[in-house]
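K.L.:
Just to be clear, the model below is a prediction. Sequence and coordinates:
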Amino acid sequence: MTHTTTGTTTPTSHPTTGLLAGKVAFVSGAGRGIGAAAARLFAREGARVLLTARTETQLKAVTEEIRASGGTAEYVPCDLAEPASVHAAVDRTVELFGRLDVAFNNAAAMQPPGPMDELPDSDFDHVLAVNLKGPWLAMKAQIAAIRATSRTGAIVNTSSVGSLMANPALPVYGAAKRALNSLTASAAATYGPEGIRVNAIAPGTTLTEMIDAWETNTPGIVDRLNALTPLGRPADPEEVAQAAAWLLSDRASYVTGTVLRVDGGMRA
């Protein structure tokens, strides 16, 4: 079906400056890996960035690196499994920068690889607390802050390609991320009418400390995963961060409720 319009319309224009120029960004899990790469990238793309993670030494190092490169960044230690800690971090973003426009909920916790019947209850609770409850708490606080300041904005959650298939090696991690996909879609449907977009990215094998730990526990796993990946290699964290930056930017203005695979074709 073809639709036509009458009158004069002006195509949406996009600035030639940075992808996130003028925006205030909140990044969790920003002390290392994908989160640290995202914080650096967002700052290079013009955002003022608030970094959060549990380890202050890592946060400080990344923040100082961003500042040394001419970017604007602050950090707040935060445990995303603790409601008060999450709200304090989001509130601090608004205190420092006056607003919140975009948020990248990237903090994650891996389970010990192995069959589901061998995972202790305490590990199950921890994986769900960080990978599902954490983003839920963060989105609640972020949506309130966006409403109160910028009025419209965007949120991206980090899922996993492991949420899109059976995941016998990481069953609870995969289940938590699959639930996060559902939470992301529900948030997109709920807050889209207000102009708040919510998406997720699903990275494949990525060169982070998390994958290093899996390789140590299961020697050869990276080679086996690469063999399942058409591009034949793992991602650099910045390659994943680039996808998040686009989804948070105005160039993705008609994209919401999606889980974007950044997996080198693993699920093609």
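P.N.:
Noted; the coordinates are in hand.
K.L.:
Low-confidence stretches in this structure?
P.N.:
Low-confidence regions of the chain, defined here as pLDDT under 70, cover residues 1-16.
K.L.:
Contacts made by the strand or helix carrying residue 52 with the rest, please.
P.N.:
For residue 52, the host element (DSSP states H and E) is strand 48-53. Contact partners of strand 48-53, identified using C-beta atoms under 8 Å, 6 or more residues apart in numbering, comprise 23-32, 35, 39, 42-43, 59, 62-63, 66, 71-78, 80, 89, 92-93, 96-97, 107. All C-beta atoms are positioned from the backbone trio N, CA, C, and that covers glycine.
K.L.:
ok, and for the following helix or strand past that strand, which residues are buried?
P.N.:
The first helix or strand that comes after strand 48-53 along the chain, using DSSP H and E, is helix 56-68. Across helix 56-68, burial judged by 16 or more other C-beta atoms under 10 Å covers 58, 59, 62, 63, 66.
K.L.:
same thing with stretch 98-110?
P.N.:
Judged by neighbour count (16+ other C-beta under 10 Å), stretch 98-110 contains these buried residues: 99, 100, 101, 102, 103, 104, 105, 106, 107, 108, 109, 110.
K.L.:
so what's residue 24 up against?
P.N.:
For residue 24, the residues meeting the contact criterion (C-beta under 8 Å, 6+ apart) are 47, 48, 49, 50, 93, 97, 98, 99, 100, 101, 102, 150.
K.L.:
before we move on, what about residue 218?
P.N.:
Under the criterion of C-beta under 8 Å, 6+ apart, the contact partners of residue 218 comprise 113, 169.
K.L.:
how much space between residue 237 and residue 91?
P.N.:
Distance from residue 237 to residue 91, counting by C-beta to C-beta, to the nearest Å: 28 Å.
K.L.:
Quick one: the helices in the stretch 51-200 of the chain, in order.
P.N.:
Defined through DSSP state H, counting those that start in this stretch, the helices belonging to the stretch 51-200 of the chain, from first to last, are 56-68, 83-97, 121-128, 134-148, 171-191.
K.L.:
now the ones you listed in a markdown table, with distance to residue 204?
P.N.:
Listed next are the helices of the stretch 51-200 of the chain as a markdown table, based on distance: least, C-beta to C-beta, whole Å:
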| stretch | distance to residue 204 |
| --- | --- |
| helix 56-68 | 24 |
| helix 83-97 | 28 |
| helix 121-128 | 19 |
| helix 134-148 | 20 |
| helix 171-191 | 13 |
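K.L.:
nearest to residue 246, of these?
P.N.:
With C-beta to C-beta, the closest approach to residue 246 among the helices of the stretch 51-200 of the chain belongs to helix 171-191: 16.1 Å.
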